[in-house]
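Colleague: A predicted structure for the sequence below; I have some questions about it.
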Amino acid sequence: MSKDFTFAIKSIRFDEDYHPADNTRITTNFANLARGASRQENLRNTFRMINNRFNALAHWDNPAGDRYAVNLEIISVEMHIDGENSDNALPLIEILKTNIVDRKSNERIEGIAGNNFSSYVRDYDFSVVLLEHNKDQPGFSTPDNFGDLHGKLFKSFVNSSAYKEHFAKPPVICLSVSSSKTYHRTENQHPVLGGEYLQDEYSLTDEYFRKMGLKVRYFMPPNSVAPLAFYFVGDLLGDYTNLELISTISTMDTFQKIYRPEIYNANSAAGKSYRPSLKNQDFSLTRIVYDREERSRLAIEQGRFAEEKFIKPYQAVLEQWSADCAL
């Protein structure tokens, strides 16, 4: 009989006074911004961009463009294995939760959980397993069962009592579109999400998130220059309010302008047929300092950490649990 996994959720406010904890994954967007000499200016400018973007999208009954502010929480998920010492909780996932402050009504509106997505096991899969599998291969391929364990862990978390006690709706994760695929604009228009794009085949990330139980749709919000990939469980357009969707767009559009300026801060917008490129030279930089090379290196280091602290020590337990898992 396999052991049970349970989840514990911790939350910390993400604002200009945020300092990453020692055990925070430093490849995450929020932790990366909060380090170094420019940390407070980085954070202040980031939140200014998020709030300006939110108010530009939520423009109704908002003549001065300052009605709303977005508050963010960092949600850290730990996994406990039944029978193990409770001090040996394994850091599993970090996501962001948005909350909306309506300054006109003095109301605080719950936003969406998900947004940014960070996972030690995903780092292990992409930065250790995938690299080693393709090291001596003539072409690119994925190993058998690639992403299966991570997908089952994520679905187990979203279906857990811990998730349901903390969040009213399933998560929505918003990422960059893939630079290896071409996207085609459709006639479908949403007032907040913008114009929908389709592609001929799913990317590796799309397939990986599909194993997490998440579907994907691609939309380019008003005044954006490239579509975003939205990963979700149910009905993206029907399950969430416009303000909830705007909280995700404003947060993740800002992050992407910082981290993928070649795509999301390009000086010309995506056309009817669009192939993203990180080699694009016609883009503008934000005033926010970010070291992309360091982030890539750290992803490998943290993938190795997951292998050493989680995958290898618990391999038999994980294999048995995965085999028994009906999710």
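Modeller: Good, I have the coordinates. Residues are numbered from 1 along each chain as shown.
Colleague: where does the protein dip in pLDDT?
Modeller: 1-3, 20-37, 83-88, 290-296, 326-327 (pLDDT under 70).
Colleague: Where do the strands of it begin and end?
Modeller: Using DSSP state E, the strands of the chain run over residues 5-14, 68-81, 90-102, 107-119, 172-176, 183-190, 194-199, 215-220, 228-232, 273-274.
Colleague: Okay, now the sheet partners of the fourth one, with direction.
Modeller: Taking DSSP bridges as the criterion, strand 107-119 sits next to strand 90-102 (antiparallel), strand 172-176 (parallel) in its sheet.
Colleague: What is the burial count for the residue lying closest to residue 282 once chain neighbours are set aside?
Modeller: Closest residue to residue 282 apart from its sequence neighbours, by CB to CB, 6 or more residues apart in numbering: residue 267 at 4.9 Å. All C-beta spots, glycine's among them, are computed from the backbone N, C-alpha and C. Residues near residue 267, counting by other CB atoms under 10 Å, number 10.
Colleague: wait, doesn't residue 267 sit right on residue 281?
Modeller: No. Residue 267 is not in contact with residue 281 according to CB atoms under 8 Å; the separation is 9.8 Å.
Colleague: re earlier: make JSON lines out of the strands of the chain and add distance to residue 242.
Modeller: Formatted as JSON lines, the strands of the chain follow (distance: least, CB to CB, whole Å):
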{"stretch": "strand 5-14", "distance to residue 242": "23"}
{"stretch": "strand 68-81", "distance to residue 242": "12"}
{"stretch": "strand 90-102", "distance to residue 242": "11"}
{"stretch": "strand 107-119", "distance to residue 242": "11"}
{"stretch": "strand 172-176", "distance to residue 242": "13"}
{"stretch": "strand 183-190", "distance to residue 242": "9"}
{"stretch": "strand 194-199", "distance to residue 242": "12"}
{"stretch": "strand 215-220", "distance to residue 242": "13"}
{"stretch": "strand 228-232", "distance to residue 242": "14"}
{"stretch": "strand 273-274", "distance to residue 242": "25"}
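Colleague: Output those strands in TSV; the columns should cover distance to residue 39 and mean neighbour count.
Modeller: Output for the strands of the chain, formatted as TSV (distance: least, CB to CB, whole Å; neighbours: other CB atoms under 10 Å):
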stretch	distance to residue 39	mean neighbour count
strand 5-14	13	16
strand 68-81	15	20
strand 90-102	18	21
strand 107-119	18	21
strand 172-176	24	23
strand 183-190	35	15
strand 194-199	32	19
strand 215-220	31	20
strand 228-232	26	23
strand 273-274	34	16
